Every structure is written in C-alpha cells, then in structure tokens.
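A.B. asks: Could you look at this predicted model? Sequence included:
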There are 2 protein chains.
Amino acid sequence: MSRPPPARPGDPLDRVDTPALLVDLDAIEANIAAMAAFAQAAGCALRPHAKTHKCVEIARLQLAAGAAGLCCQTVAEAEAMLASGVRDLLVTNHVVGPAKLARLAALARRVRVSTLTADRRHVAMLSAAAVAEGVSLEVLVEIDAGDARMGLGESDLLPVARAVAQSPGLVLRGLQAYSGPFQHVREAGARTQAAAETARRAARARDLLRAEGLACPLITGGGTGSFQDDAALGVLTEIQPGSYVFMDRDYARNRDRGGGPYRPFAQSLFVRAGVLRARADGVCYVDAGAKALNLDCGMPEVAGRGDLSFTKASDEQGRIEPADPARAPELGAALMLVPSHCDPTVALYDTLVAVRGGRVEALWAVAPDPARSPPPDR
Amino acid sequence: MSRPPPARPGDPLDRVDTPALLVDLDAIEANIAAMAAFAQAAGCALRPHAKTHKCVEIARLQLAAGAAGLCCQTVAEAEAMLASGVRDLLVTNHVVGPAKLARLAALARRVRVSTLTADRRHVAMLSAAAVAEGVSLEVLVEIDAGDARMGLGESDLLPVARAVAQSPGLVLRGLQAYSGPFQHVREAGARTQAAAETARRAARARDLLRAEGLACPLITGGGTGSFQDDAALGVLTEIQPGSYVFMDRDYARNRDRGGGPYRPFAQSLFVRAGVLRARADGVCYVDAGAKALNLDCGMPEVAGRGDLSFTKASDEQGRIEPADPARAPELGAALMLVPSHCDPTVALYDTLVAVRGGRVEALWAVAPDPARSPPPDR
C-alpha cells in the first residue's frame, strides 16, 4: 500500500498533511545569500555543511551562490550530494571499514574528495583504499580545536601529517579545526574566546607543518555560531557552517553582543503539526513527538504563538499548554513548530516541503541517513 | 547512486556495515513466545503494539503465536501492517484530518479497524469518514488512565460514548485505558499501584457504559511495564505491550519486586557501531550518535562491556570512555549498543538486520514513519 505524498506543488499550506517538515523559501534564500555575501566580503572560502539539510536542491542553491564546495559527514551523504553538481567534497569525518572506504575512494573518480584523519593506522587504511581504486584522496589532519574530542594535540600532529604526505594515493591538503560545542557557547564574548583558542591552535599547527616543509593550503572549520569570529581571526581559510540555512531554537539560545538572542539568520525550518486532541481545559496534543522532532536540545517552540508552550513529548504526540485556555488551538488546527535542533530533526524525514507565501512550491527529497540503509524490498 | 544494503543473508556479524540496527532472532522469538504464553495462561487477549517494531515480519511472528490482532499508532503504520495478514487492527490514536481519516476508512474495507476518540466533534469526523467510504469503524473511548493526558474523565465519558453509539458508520467497541508514563514507574510496588488506578478507572467507566445499556466488549491497555499487574487486576480484557519484543536500557531501569532490574524479557535489539577514532588515552568514538540512536531516555550502554561508558553523543558520533585504557576498543572494532529507548530508535532505521548465532539470517524492512512521507523521486 503506497503512501501519498504530504503535499503537492500548488497546495495551500493548510492542505499539507501532518506531521511534515517545511522550509520557507524566502527565508532560506535570504540566509544563503547573506552567508555567501559575508564570506565574500571577509575573503574567506565558504563550504556549507550538507549534514544539516541532506538536500540536493539546497546544495545547488549554496553552490550557485558561490560556495567552494560542500562538507558531508558521511560517505552516504557525499554520494547523495553528487547530484548537486558539486566538484569539491569534504567528508568531515574519519571514514573506517573496508566497505565505506571503497565507496569513498570510488567517489574520487568523479569529484575532488577530501577527508579527515588523526591516526597513522587510519592513514594506512585510507592509502590502501585510494591505491586499490587507483585514485588520489586529499586528507586534512584533524586537530584538537580546543574541545578535546577527536582531533590531535600538537605533539601528535607531525607524525600523522608526515604519514599522509608519504603515503601513496594520499595528498596532504591541510587542517580541520572545528569544534561543535564551541558553536553553542552561550555568551558572545565567551564564544569569541573559544573561536580564538581554535584559531591559535590552528595557526600553531599550520606553522608546524610549514616548518617541516609540509603543505597546508586549506585550514577549515567554524560553524553558524562562530563564523564571524572565525573570519575576523583570519586563520581559517574556509568556513563550514551548516545550520545557518535553517536555524533552530537552540541557536536562538546563544546571545549576541548586545545580549539578545543570536539570530544572524531567519528561521526557515518548521515542523507542521496537527492538533489531534483539544481538551476542555485548553491543553492540546499535536501529532508530532519524538519520532517527528529531535528533542536532545529540548522542546520546540510554537512559531508566532508565544502564548503556547510545547511542554512534553511522547513518541508520536506533543503536549501544548496555552497561557489562556480561551485562545487554545482547536481540534484539527495546525501549528508551526520551530525545532530545537535542526540537523537531527531533518534526518527524521524523507521529504522537505518547500513553501513560499503560504503555498507549496516544491517537494525536496532529504537524502537517507546512513543509519537508514535501503530496506530489502525497495 | 544507490546505497548498498548493510549486510546480506549469510554474512558473519563482522561484515555488517555500521551503524546498523540488529535484532537477535533467538532472543526475540523467546520474547514473543513468553508473552504469548503469559497472556494465554492469564486468560487475557494479547494485541502487541506495532509502533515498537514497524516490521511486518515481527508482526507475523506475533500473530502466529496467537495475537488477537495488532495495535498501530498511526494510519501509515496500519497500512504497512496489512502485509502481515492481520485481520483486526486497532489504531491507538485520535486520527484527525480529511486525508488521514479517508485512509483509515479505506483500511476498513480490508480488515476490522478500530480507533480511539475522546471528543464529540471528533466522533462526527470519524462518522463522516466511515459514511463517505461506506464502511464501519469500531471506536474505543479513551479514558484518562490516571496520567491526565489525552483520555476523558468520568464526567465526560457518557456524552462521547453515546455519540459514538448513535453515529452512522461507527460501532462502540469499548474503552482504551492506557498510560505510557505508568509503564516506566521505577519501583515495582508503585507500578502496581499505578496499574490498579488504571484498572479502577476502567472498571468504573465500563460500569457507567453498561448502566446506560452501551456495549463494552473490549477494554484494552497496558504495556511492557505493567502487563503482569494488568492481567492480575482482571479489568482489562486485552493487553497491548510493544517493547517486550526488544526491551531497552530504560525498561531495565524499572525495578522488579526483588529490587533488581526489571528484565522479564531478553534484550534482542542492538545498534552495531564502529570505532572510527581510538585516542591514545583510550577514549574512542563510534559512528552512532543522535541520528542513529534516540537519546531522550539517556545514553545507550555497551552490551557485554560494563567497563565501557557511552558518555556523549554528537549527531553522528558517540564518545566511549573505558574504565581501563588498556582494554579500550581498537580503531575499526565494532561494539553492540543497547538503545536507551527502543521505539524511537527503531524509527530512525529502514532496515532491521536479523541475526542468529553470529550470522545474518535476514534483512527486514522497518515501515517508514509517518514523518517520513515518500520523497518526490521515489
């Protein structure tokens, strides 16, 4: 029994079946243009991160606006993004395992492919895959950007960089200096300090490579929380923001320099949810819960309705409490929710409903997440 | 570019690409048999909840073991479960909106379909959909099982039940008396008290219906946390557990009567994750984060490795900290993770890799979640 699509182009918003993932086209186009203009003015290359949207059409808009290429987080994402026409793909992850390494190398037959490492044993795996496929893979050494995660400390950098430079099939392209947690440091001043720490470490690593005669043409990192600082600090040659296309409630919890919510871009992403139960006391339930919204960063907010609080979620339902029961939503009404965390919410969906001026303009596919391998009967 | 499947039947476990969702067939078969035997001995009908697994093959095993039918949480799930051969489907939710109501009514052409209501306006919507399709829909009135969620209090019960009984196209079948939160009450005694409160309310509602001459052949509810209490209390005529097929870390946080972890069933569900970064200090990172594991109930545990702690997750990575760095996993190793919450973790995947004795026996499709409408290019 085949499922109908959530909407058709030309449909008014109220005909979109719920729950559905929506993007406001005016808002996302403005966001893409604003970030492209910023990067150009700052003299910094822009390589947007496709892990946020997993959407070929959005990648095309970013490339048309001048992006130098795309970041992907997994091989499956990179494979999906080929359809955007991208020519320079960076997989910002450590690709391990024979199957995934072979797929990564196969991609390098079609476009320029770069990826990360931080371990000499891993360098050998990358080299073997490149040689087996007869391709060249470009490699960035991931440094610890200051958050003590997957990157290398200063003392371990050179042995790994040398191994890359000396391995057949591999080309050392530079450094990855990215901190996810630093994007979400709440106070603007502390966020700038965190970005400065990353820049200091990246500059030191670059100088160590150069002193060894090792090439370092690319130093990439930064995100939607830190991109202005990263550009001003002048060490990264490229920024890789992802969330700026959509924004989310968590980024709005960051503060700007004036102490207000950090909103350098417009909210373009929404989950449209329908009211399936409206209690007499005004409490109502919508058809979007933990299977339709990632809740790791808290509950969503109801767009344009500061008087409604999304207070709890079960797997398939969300509870909404009104400040004034007289203004509670009716049974069958629809609400637009602002997700608390955009990337993993998008990954829950197969379709992004693109709307403009209250009408559906297009349906865009969200590339399946690596967790979602094709089922046997497709 | 099409993605390869995560494994092929006959593959040894170490050839399964990561991250992957695995089910241990010996364990799930034992769980299904044990619950079926329990329900039969207790004289209670068993209608397993398919929201947990969304998998036709698992539904078939449950039906073959004597299940009276299946519960589904959404119309899309119910449509998917038709392929199991089920003849009696209960959608344990309030179906709202013309498109979904029409699909629900269309299902009733093929099998017996029941669903919930708690609102006279909603009863009119259900009736209109049944009449338009020329079918009969059976309806349960959802009562407040004691957790003050979507169900009706005692004083509102009769007007809604009468409306169902009097509406064309609808048949009053009884009561839904289910509390999700009560399944996760930690202490066994408190869980029994919660189940008793639900039973008290269900008995009172049943008596109110009967005093009005309204039929109440079915009183359904209960879950994996309360099923033994529900059966012993003798008010529910049917139990609808879901998680028992898989179990998860959150259910193991419940206590049994002796104060130990509540484990009436075997853990059969795992996420297999690969180590993509093994630091010199023993901390390692696996390729399963918030896009491969639902984390609303906390972090997963590493099966069989009490010395390893899954401490943090980013979207695509999980951080593992070893008690003893000398026993830390190597780069490229695979770990079996026990999800903290089974239902929404399963919903992240398209494929369930069914394994027995260390070998892949089958690949089973996970039905797409309603959030995941078909993308435009499929």
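C.D. replies: Arrived safely, thanks for sending.
A.B. asks: so where do the helices sit in the stretch 51-200 of chain A?
C.D. replies: For the stretch 51-200 of chain A, the helices defined by DSSP state H, counting those that start in this stretch cover A:56-64, A:75-81, A:98-107, A:120-133, A:154-166, A:180-183, A:188-211.
A.B. asks: The fourth one versus helix A:98-107: what angle between them?
C.D. replies: Angle between the axes of helix A:120-133 and helix A:98-107 is 60 degrees (criterion: axes from the mean of the first three to the mean of the last three Cα atoms, to 10 degrees).
A.B. asks: Could you check the angle helix A:120-133 makes with helix A:154-166?
C.D. replies: Using the same axes, to 10 degrees: helix A:120-133 against helix A:154-166 is 20 degrees.
A.B. asks: how about helix A:120-133: buried residues?
C.D. replies: Neighbour counts over helix A:120-133 (16 or more other Cβ atoms under 10 Å in any protein chain shown) mark A:122-123, A:125-131, A:133 as buried. For every residue, glycine as well, the C-beta is placed using N, CA and C.
A.B. asks: near chain B, which residues of the stretch 151-300 of chain A?
C.D. replies: A:156, A:180, A:274-280, A:285, A:287-288, A:290-292, A:294-296 (Cβ under 8 Å from any Cβ of the partner chain).
A.B. asks: Go through chain A and flag its longest strand.
C.D. replies: Criterion DSSP state E: the longest strand present in chain A is strand A:269-278.
A.B. asks: Tell me which other helices or strands that one touches.
C.D. replies: strand A:20-24, strand A:284-286, strand A:334-338, helix A:342-346 (3 or more Cβ pairs under 8 Å, 6 or more residues apart in numbering or on different chains; DSSP states H and E).
A.B. asks: got those as a markdown table, with distance to residue B:239 and mean neighbour count columns?
C.D. replies: Shown next, in a markdown table, are those (distance: least, Cβ to Cβ, whole Å; neighbours: other Cβ atoms under 10 Å in any protein chain shown):
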| stretch | distance to residue B:239 | mean neighbour count |
| --- | --- | --- |
| strand A:20-24 | 33 | 24 |
| strand A:284-286 | 23 | 27 |
| strand A:334-338 | 33 | 22 |
| helix A:342-346 | 33 | 26 |
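A.B. asks: before we move on, the earlier item: of the residues of the stretch 151-300 of chain A next to chain B, buried ones?
C.D. replies: A:156, A:274-279, A:285, A:287-288, A:290-292, A:294-296.
A.B. asks: Single out the most deeply packed of the helices of the stretch 51-200 of chain A.
C.D. replies: Ranked by mean neighbour count under mean count of other Cβ atoms under 10 Å in any protein chain shown, the helices of the stretch 51-200 of chain A are led by helix A:75-81, which reaches a mean of 24.
A.B. asks: Alpha carbons only: can I get that helix in PDB?
C.D. replies: What follows is helix A:75-81, C-alpha atoms only, in PDB (Å, rounded to 0.1, in the frame of the first residue of the first chain):
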ATOM      1  CA  VAL A  75      30.000   8.700   2.700                       C
ATOM      2  CA  ALA A  76      26.300   8.200   2.100                       C
ATOM      3  CA  GLU A  77      25.700  11.900   2.300                       C
ATOM      4  CA  ALA A  78      28.600  12.600  -0.100                       C
ATOM      5  CA  GLU A  79      27.200  10.100  -2.600                       C
ATOM      6  CA  ALA A  80      23.800  11.700  -2.400                       C
ATOM      7  CA  MET A  81      25.300  15.200  -2.900                       C
END
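A.B. asks: Would you check the distance separating that helix from the middle of the chain?
C.D. replies: 13 Å (Cα atoms, centre = their mean, to the nearest Å).
A.B. asks: Could I get the contacting residues of the residue nearest the centre of chain A?
C.D. replies: Nearest to the mean C-alpha position of chain A, by Cα atoms, centre = their mean, lies residue A:52 at 2.6 Å. By Cβ atoms under 8 Å, 6 or more residues apart in numbering or on different chains, residue A:52 lies in contact with A:242-243, A:245-246, A:342-343, A:346.
A.B. asks: picking that back up, and residue A:42, which of the helices of the stretch 51-200 of chain A is closest to it?
C.D. replies: Proximity to residue A:42 (Cβ to Cβ) singles out helix A:188-211 among the helices of the stretch 51-200 of chain A, at 13.4 Å.
A.B. asks: what lines up beside the helix or strand just after the closest one in the sheet?
C.D. replies: Next in sequence after helix A:188-211, counting helices and strands by DSSP states H and E, comes strand A:218-221. Sheet pairing here is set by DSSP bridges, and for strand A:218-221 it gives strand A:170-177 (parallel), strand A:238-239 (parallel).
A.B. asks: Could I get the buried residue list for the first one?
C.D. replies: The neighbour-count criterion (16+ other Cβ under 10 Å) identifies A:170, A:172-177 as the buried residues of strand A:170-177.
A.B. asks: For the closest residue to residue A:175 other than its chain neighbours, the count of nearby residues, please.
C.D. replies: Distance criterion Cβ to Cβ, 6 or more residues apart in numbering or on different chains; nearest residue to residue A:175, sequence neighbours excluded, is residue A:219 at 4.9 Å. Taking other Cβ atoms under 10 Å in any protein chain shown as the criterion, the count of residues near residue A:219 is 23.
A.B. asks: can you narrow the buried residues of helix A:120-133 to ones near chain B?
C.D. replies: Filtering the buried residues of helix A:120-133 for proximity to chain B by Cβ under 8 Å from any Cβ leaves A:122, A:125.
A.B. asks: Switch the buried residues of helix A:120-133 over to CSV; also include distance to residue B:234 and pLDDT.
C.D. replies: Shown next, in CSV, are these (distance: Cβ to Cβ, whole Å; pLDDT from 0 to 100):
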residue, distance to residue B:234, pLDDT
A:122, 61, 98
A:123, 66, 98
A:125, 61, 98
A:126, 64, 98
A:127, 68, 98
A:128, 65, 98
A:129, 63, 98
A:130, 68, 98
A:131, 70, 98
A:133, 66, 98
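A.B. asks: Which one of the buried residues of helix A:120-133 is nearest to residue A:90?
C.D. replies: Nearest to residue A:90 out of the buried residues of helix A:120-133 is residue A:126 (Cβ to Cβ; 13.9 Å).
A.B. asks: I figured that closest one was touching residue A:139, is that so?
C.D. replies: Yes - between residue A:126 and residue A:139 there is a contact under Cβ atoms under 8 Å: 6.4 Å.
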